[in-house]
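compute the structure for the input listed below.
(chains A and B)
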Amino acid sequence: MRMHPLLTMTLQRLGFGLLTLFAITLLIFFAIELLPGDLAQEVLGQSATPETVAAFRERLGLDQPPVQRYLAWLGGIAQGDLGTSLANGREIAGLLGARLGNTLFLAAYAAAIAVPLALVLGLLAALYRGSWFDRTVNVATLSSISFPEYFVAYILMLLLSVKWGLFPSIADIGPDAGLGTMLYRTFLPALTLVLVVTAHMMRMTRAAIINLLAQPYIEMARLKGASPMRVILRHALPNALAPIINVVALNLAYLVTGVVIVEVVFVYPGLGQLMVDSVTTRDIPLVQACCLVFAGIYILLNLCADLLAIATNPRLMSRR
Amino acid sequence: MDLHAVKSTPPTALFGMAVILLVALTGLFAPFIAPYGETEVVGLGFEPWGGDYLLGTDSLGRDIASRLIFGARNSVGIALATTVLAFLAGTALGLLAAGLGGWTDQILARLIDLLISIPSLVFALLLLSIFGTSIPMLVLIVAVLEMTRVFRLTRAVAMDVAVMDYVEAARLRGEGLFWVLRREVLPNITAPLVAEFGLRFCFVFLAISALSFLGLGIQQPTADWGSMVRDTAQLITFGEVVPLLPAGCIALLTVSINFVVDWMLHRASGLED
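Numbers count the residues shown, from 1 in each chain, chains lettered A, B, ... in the order given. The predicted structure follows:
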């Protein structure tokens, strides 16, 4: 029996995603082995006594062969056990849970504003290409892309928080804050992300649409006398979906890692802040776990984009 | 460049070139321009603006204006070295992959795909936690991560050139692989590589500054824009603009480079509008 091409492609992408994830676990784990010399000695420093070094090696399991350690680690992950933190001996899975939730909340908050805004602006800039609107937006977004996140963040903090006192400068979400309070307290970090991501997404949307409008079949539709509205809705839009989905996914993936800096600026208790803290204390199991979670989200988003792009491809949707 | 060419250049690109030149000169002649030394403690902590200290002093009493000037040398210099390293490695591997093809190409390309599938900031954090934070390590880690992008571009454009007749002819007359890559392929892919160099420099510069800002990149007492933002960050809650100065320097330079690259790409694409 021949499978539907849509199903075959979906399965292919899923398999490829899993394979990538597996390869990433290898990379994350064996990166430690790249260190010339002994990790325990390196982390503890020259002044450590042989006893502390030996104890450290045992806690990290460094006294066992690497392949065995990898398999144990992978087996643990499959069962939701990410090991224990070196800094405080707590379960990593428990530490990550709440932090991940906070990070996803912030990213979703920013995405909910940025995606519609960027798509509308990008579409307008593409349609009125070369106009003063397009040029202004071009310079503004090019600048915004080049700004480091913390520059944008501190400007917003200085103006909206310190000078005008509209929003809190520290995004401290209490344990029992309602949704409204949370949205208010995390407004500044969310706005920072919106500004940075919108610029990227808008430029890419504009480029995708312009590229599309230059296609021969759009010219053909215009020449045969179809109304501009019909050209856009009937001819351009179905084909524009795939590139636009790609643009959105790419930027959502960027959002998830872009939060690292923003979380640190606004002291937001998210995964990025946790990762930066654990890099400072060289809590390697925790860093590995954070890295895996970030990479997992990244791959998942790209996979979703791939699948959505396949599902909305008009050439695959039509019956053969 | 004659007067006509200057007139037809968009103001954004001219502005960008002026800023790049200014930063380069500041970096080169930093010790002659700066009123005080890079790590010299010249007064009390947090001296106000004006008077002896143009932009005041930081928490340890070092002159902020002098440290900004030395930052042009350190931050930009380190980023430039990293970019050059990334380009040497990326171009060499990319050319090799395109020239050899077959298994070498497949293995290299898949390895690079794997490196790209982890967000680079996150990957850099992982490597820094393992190898520790020192400037040579930082340069090496960021160079390897950015090298992946250079590799991809070089491989893609070199593959287009590698199938050209003149390359075929050179191979048939018995030239070695190295000669063909250097004399036939490389000269024909320099244009996209130059534009890419500008963009990559921006990414490298932003990445290193971000890591320094997080306290994991260039460390005290070296004057660096990213870590200066971190050191003075708490002042923002008192309504001071001091942390915005180094951050603004970073932003100004990256914006300028982007303006110039944007103009170069636009010219190369041959579009009139």
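
pretty sure B:I78 sits against B:S212.
No: assessed by C-beta atoms under 8 Å, B:I78 is found out of contact with B:S212, at 9.3 Å. Yep, even glycine has a C-beta here, placed from its N, CA and C like the rest.

higher neighbour count, the two?
Remark: of B:I78 and B:S212, B:S212 carries more neighbours, 27 against 23, as counted by other C-beta atoms under 10 Å in any protein chain shown.

re the thing from before, find residues that contact each of B:I78 and B:S212.
B:218, B:224 (C-beta atoms under 8 Å, 6 or more residues apart in numbering or on different chains).

quick check: buried residues in the helix or strand hosting B:L22?
Assigned by DSSP states H and E, B:L22 belongs to helix B:11-28. Of all the residues in helix B:11-28, those buried under the rule 16 or more other C-beta atoms under 10 Å in any protein chain shown are B:12-13, B:16-17, B:19-20, B:23, B:26-27.

mind giving me the packing neighbours of it?
Applying 3 or more C-beta pairs under 8 Å, 6 or more residues apart in numbering or on different chains; DSSP states H and E, we find helix B:11-28 packed against helix B:64-100, helix B:244-269.

which residues are in contact with A:D134?
So A:D134 contacts A:125, A:128, A:206 (C-beta under 8 Å, 6+ apart).

which of those residues are buried? Put it as a ChimeraX command.
Applying 16+ other C-beta under 10 Å to the contacts of A:D134, the buried members can be selected in ChimeraX as follows:
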select /A:125,206
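
by pLDDT, give me the weakest of the contacts of A:D134.
Among those, A:Y128 carries the lowest pLDDT, at 82.

can you tell me the closest non-neighbouring residue to that one?
Residue nearest to A:Y128 in three dimensions, not counting chain neighbours: A:D134, with 5.7 Å by C-beta to C-beta, 6 or more residues apart in numbering or on different chains.

below-threshold pLDDT in the chain: ranges please.
Just so you know, I chose chain A. Low-confidence segments of chain A (pLDDT under 70): A:1-3, A:37, A:174-177, A:314-320.

wait, I meant chain B there
Ranges of chain B meeting pLDDT under 70: B:1-3, B:5-6, B:269-273.

against B:R183, how distant is the residue of it most remote from its centre?
The outermost residue of chain B, judged against the average C-alpha position, is B:R173 (40.1 Å), by C-alpha atoms, centre = their mean. The gap separating B:R173 from B:R183 is 12 Å, by C-beta to C-beta, to the nearest Å.

what about residue 112, how many neighbours?
Since no chain was named, I'll use chain A. Neighbour tally, A:A112, other C-beta under 10 Å: 12.

oops, chain B please
So B:I112, with other C-beta under 10 Å, has 21 neighbours.

in contact with A:I245, which residues?
Neighbour list for A:I245: A:305, A:308-309, A:312 [criterion: C-beta under 8 Å, 6+ apart].

can you report phi and psi for the closest residue to B:V41 other than its chain neighbours?
Using C-beta to C-beta, 6+ apart and skipping residues adjacent in sequence, the residue nearest B:V41 is B:G61, 4.7 Å away. Main-chain torsions, B:G61, degrees, to the nearest 10: phi 80, psi 30.

do A:A140 as well
Per degrees, to the nearest 10, the backbone of A:A140 is at phi -60, psi -40.

before we move on, what about B:G50?
Residue torsions, per degrees, to the nearest 10, at B:G50 are phi 80, psi 180.

identify the bridge partners of it.
B:Y53 (DSSP bridges).

okay, now it: neighbour count?
9.

for A:L82, same thing?
A:L82: 22 neighbours (other C-beta under 10 Å).

residue contacts, it?
A:76, A:91-93, A:96, A:285, A:289, A:292.

so for it, what's the nearest residue that isn't a sequence neighbour?
Going by C-beta to C-beta, 6+ apart, A:L82 has A:I92 as its nearest residue, at 3.9 Å.

these two touch, right, that neighbour and A:I284?
No: between A:I92 and A:I284 there is no contact under C-beta under 8 Å: 11.1 Å.

surely A:I170 forms part of a helix?
No: using DSSP: H, G, I helix; E, B strand; the rest coil, the assignment for A:I170 is coil, not a helix.

the top helix by length along chain A: how far from the chain's middle?
As assigned by DSSP state H, the longest helix anywhere in chain A is helix A:92-127. In terms of C-alpha atoms, centre = their mean, to the nearest Å, the gap separating the centre of helix A:92-127 from the centre of its chain is 9 Å.

in it, what counts as buried?
A:92-93, A:95-96, A:99-100, A:102-103, A:105-107, A:109-111, A:113-115, A:118-119, A:121-127.

on that earlier part again, quick one: the residue farthest from the centre of chain B from B:E40, how far?
63 Å.

quickly note the distance from A:N102 to B:Y53.
41 Å.

how about the helices of the stretch 1-150 of chain A, start to end?
A:5-30, A:39-44, A:50-60, A:66-78, A:92-127, A:132-146, A:149-156 (DSSP state H, counting those that start in this stretch).

now the stretch 151-273 of chain B
Counting by DSSP H, counting those that start in this stretch, the helices of the stretch 151-273 of chain B are B:165-172, B:177-179, B:190-213, B:225-232, B:244-269.

ok, which of these comes nearest chain A?
helix B:244-269 (3.8 Å; C-beta to the nearest C-beta).

tell me how far the closest one lies from the chain's centre.
Remark: helix B:244-269 is offset 11 Å from the chain centroid, using C-alpha atoms, centre = their mean.

report all helices and strands that that helix contacts.
helix A:132-146, helix A:149-156, helix B:11-28, helix B:64-100, helix B:190-213, helix B:225-232.

and the second one, what does it pack onto?
I take that to be helix A:149-156. helix A:187-213, helix A:237-265, helix B:190-213, helix B:225-232, helix B:244-269.

ditto for the fifth one
Identification of packing neighbours for helix B:190-213 by 3+ C-beta pairs under 8 Å, 6+ apart yields helix A:149-156, helix A:237-265, helix B:64-100, helix B:120-131, helix B:135-162, helix B:225-232, helix B:244-269.

which of those sits most buried?
Stretch with highest mean neighbour count among these: helix B:225-232 (a mean of 25; mean count of other C-beta atoms under 10 Å in any protein chain shown).

wait, does that one contact chain A?
Yes: on the criterion C-beta under 8 Å from any C-beta of the partner chain, helix B:225-232 is in touch with chain A at B:226, B:229.

quick one: distance of that helix to the chain centre.
18 Å.

dump the helices and strands packed on helix B:11-28 to TSV, plus distance to B:R155.
Formatted as TSV, these follow (distance: least, C-beta to C-beta, whole Å):
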stretch	distance to B:R155
helix B:64-100	4
helix B:244-269	20
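
which of these sits closest to B:F201?
Checking those against B:F201 by C-beta to C-beta gives helix B:64-100 as the closest, at 4.6 Å.

circling back to that earlier point, restricted to helices, list the contacts of A:I245.
Of the contacts of A:I245, the ones assigned to helices by DSSP H are A:305, A:308-309.

so how far is stretch B:54-65 from its chain's centroid?
27 Å.

list the buried residues in it.
B:55-58, B:62-65.

break chain A into its domains for me.
A:5-78, A:99-319 (automatic domain parsing).

sorry, back to before: what's the following helix or strand after the helix holding B:L22?
Next in sequence after helix B:11-28, counting helices and strands by DSSP H and E, comes helix B:30-33.

tell me the contacts of the residue nearest the centre of chain B?
Central residue of chain B (C-alpha atoms, centre = their mean): B:F201, 2.3 Å from the mean position. Counting by C-beta under 8 Å, 6+ apart, B:F201 touches B:79-80, B:83, B:257.
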